[in-house]
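In: Give me a model of this one.
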Amino acid sequence: MVNRNRIALLAAAGAAAALLGFAGAPAALADGPDTPRSTVVEIEALEWPEFRGGASAWQIGVAQHLLRAYGHYDGGATGDFGAETVDAVLAYQEAEDLPDSGALDAETWNDLRDDLGEVGPGATGDRVAAVQYALVHGYGYDLEVDGRYGPGTAGAVTEFQTVQEIDADGVTGPITFRALIAGGV
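Out: Numbers count the residues shown, from 1 in each chain. Next up, the predicted model:
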């Protein structure tokens, strides 16, 4: 009987630890360890913009960079949601087992963000160019969209994070990316 009680107690403790771990999961999305939980919640509550074929917006240019980084788009980042971009979004959605809407919808943005992961100093490529494109075309930063995460990009990200009350570490992670795309708080 004593062994059964110990096993039950251990099982209950394990379940409680797992629940506490899941309850704290959103904080893990914070780009820096000192991002206030209220900021994470507020940014995560922002709605992703939705775009369909024929639309034009700077966020579409960000998506074009990411779709190119993930091997689904060969064109330039124009911010125009033309047929080539629709095809790229459909290919990405198929590859990721997403509903094939052909739209940049919330589910597609979430997946693009997950695939982005974290991008920071020293990184190169279209994932970096996506961040730079957002900073330049969405927020007016004076940067070259060259796909190199150097001091200028890190400084702009740090400034953006400070304004958004994200722990300013200069690294673009999930919270910073969502704030960039969804317009911030």
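
In: CA atoms for contacts and neighbours, from now on please.
Out: Noted.

In: which residue is nearest the centroid of the chain?
Out: R113 (3.1 Å; Cα atoms, centre = their mean).

In: isn't that one right next to T176, touching?
Out: No. Applying Cα atoms under 8 Å, one finds R113 not in contact with T176, separated by 10.1 Å.

In: one step back: and the closest residue to the residue nearest to the centre of the chain other than its chain neighbours, how many neighbours?
Out: With sequence-adjacent residues excluded and distances taken as Cα to Cα, 6 or more residues apart in numbering, R113 is closest to P174, at 6.2 Å. For P174, the neighbour count with other Cα atoms under 10 Å is 24.

In: how about P174, phi and psi?
Out: phi -60, psi -40 (degrees, to the nearest 10).

In: With D111 as the reference, measure out to it.
Out: 11 Å (Cα to Cα, to the nearest Å).

In: Show the pLDDT at the residue nearest to the centre of the chain.
Out: You'll see R113 listed with a pLDDT of 97.

In: for it, helix, strand, or coil?
Out: helix (DSSP: H, G, I helix; E, B strand; the rest coil).

In: Tell me who's in contact with it.
Out: When contacts are counted by Cα atoms under 8 Å, 6 or more residues apart in numbering, R113 is found next to P174, F177, R178.
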